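S.K.: Quick one: sequence and predicted model below, then my questions.
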Amino acid sequence: MSTTETSTERRVLRPATLDLGDIVLRPWGRALDVPGGTVPALMAAAADPVIDRWNPLRIADPAGAEAYLDRCDTGWVKGNRASFAITDAADGTLHGNAFLGWTNQEDGVATIGYWLLPTARGRGIATRATTAVTRWAVATADARRIELWHGVGNEASCRVAARGGFPHEGTTRASYRYGDGDYVDEHLHARLATDPDVG
Ligand SMILES: CC(C)(COP(=O)(O)OP(=O)(O)OC[C@H]1O[C@@H](n2cnc3c(N)ncnc32)[C@H](O)[C@@H]1OP(=O)(O)O)[C@@H](O)C(=O)NCCC(=O)NCCS
């Protein structure tokens, strides 16, 4: 590491593949290929009502999916947003998404999030992906504090946060407009790089 490197330069999110055995996290972008096609897979995810409720992708057509992939590529090029497709190690099918983006790159503060296709839920995949992306961001980009926000009422996401070692820090009022169009209260969970490992 150069002694003249600034904290912002040190905190660049570089494309990576995270191999978790039965699942593999791959960079989202135009180069990603999943069985059946990445654009149709994204459109199917966007059409899922639970994803649309809690993590609206706002993808209405193939052009919208391509624009989404372009934004993922831009995040990797700028090094400020890491978007991973969660894929099956055996056949490459898409299970979901895990992303981490800087909210304050200089200070090492990031936000993490995720969604899974219905067939991938209920197996702890979101927790494992969240843990892997968190460790990667701490190890390779010096993430210091990673925040995880979810709407009050999204119990599955609250459990992912708790199991992933992101303690609940508070509840914000009417802080975010999710897929149903209303501003809803949110839980803020966060994990510090110095917090004990969750195993
Ligand atoms: C949130 C989400 C990623 C959870 O991933 P997952 O890997 O399926 O999580 P799991 O099935 O392992 O469930 C985690 C926990 O939540 C519980 N849970 C799942 N669905 C639940 C529900 N509808 N109500 C209450 N608890 C629920 C599970 O029982 C499990 O509890 P445990 O830790 O005590 O075993 C997934 O439900 C999803 O994609 N939701 C839509 C998009 C979304 O909400 N993204 C997050 C936005 S903040």
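M.R.: Nice, thanks for sending it over. Predicted model, so just to flag it, every value in this text is computed and none were measured. Residues are numbered from 1 along each chain as shown.
S.K.: Doesn't residue 173 belong to a strand?
M.R.: Yes. Residue 173: assigned to a strand according to DSSP: H, G, I helix; E, B strand; the rest coil.
S.K.: leaving aside the residues next to it on the chain, what's closest to it?
M.R.: Closest residue to residue 173 apart from its sequence neighbours, by C-beta to C-beta, 6 or more residues apart in numbering: residue 185 at 5.3 Å. (Glycine included, C-beta is placed from N, CA and C.)
S.K.: what's the distance between that neighbour and the ligand?
M.R.: Distance, residue 185 to the ligand, using C-beta to the nearest ligand atom, to the nearest Å: 13 Å.
S.K.: Contacts only, for that residue.
M.R.: Counting by C-beta atoms under 8 Å, 6 or more residues apart in numbering, residue 185 makes contact with 151-152, 171-175.
S.K.: Would you mind pointing out the helix or strand it falls in?
M.R.: Residue 185 is part of strand 183-192 when elements are defined by DSSP states H and E.
S.K.: Any idea how far that strand is from the middle of the chain?
M.R.: Offset of strand 183-192 from its chain centre (C-alpha atoms, centre = their mean, to the nearest Å): 15 Å.
S.K.: before we move on, what about stretch 67-79?
M.R.: For stretch 67-79, the distance to the chain centre is 13 Å (C-alpha atoms, centre = their mean).
S.K.: What mean pLDDT does that stretch get?
M.R.: For stretch 67-79, mean pLDDT is 98.
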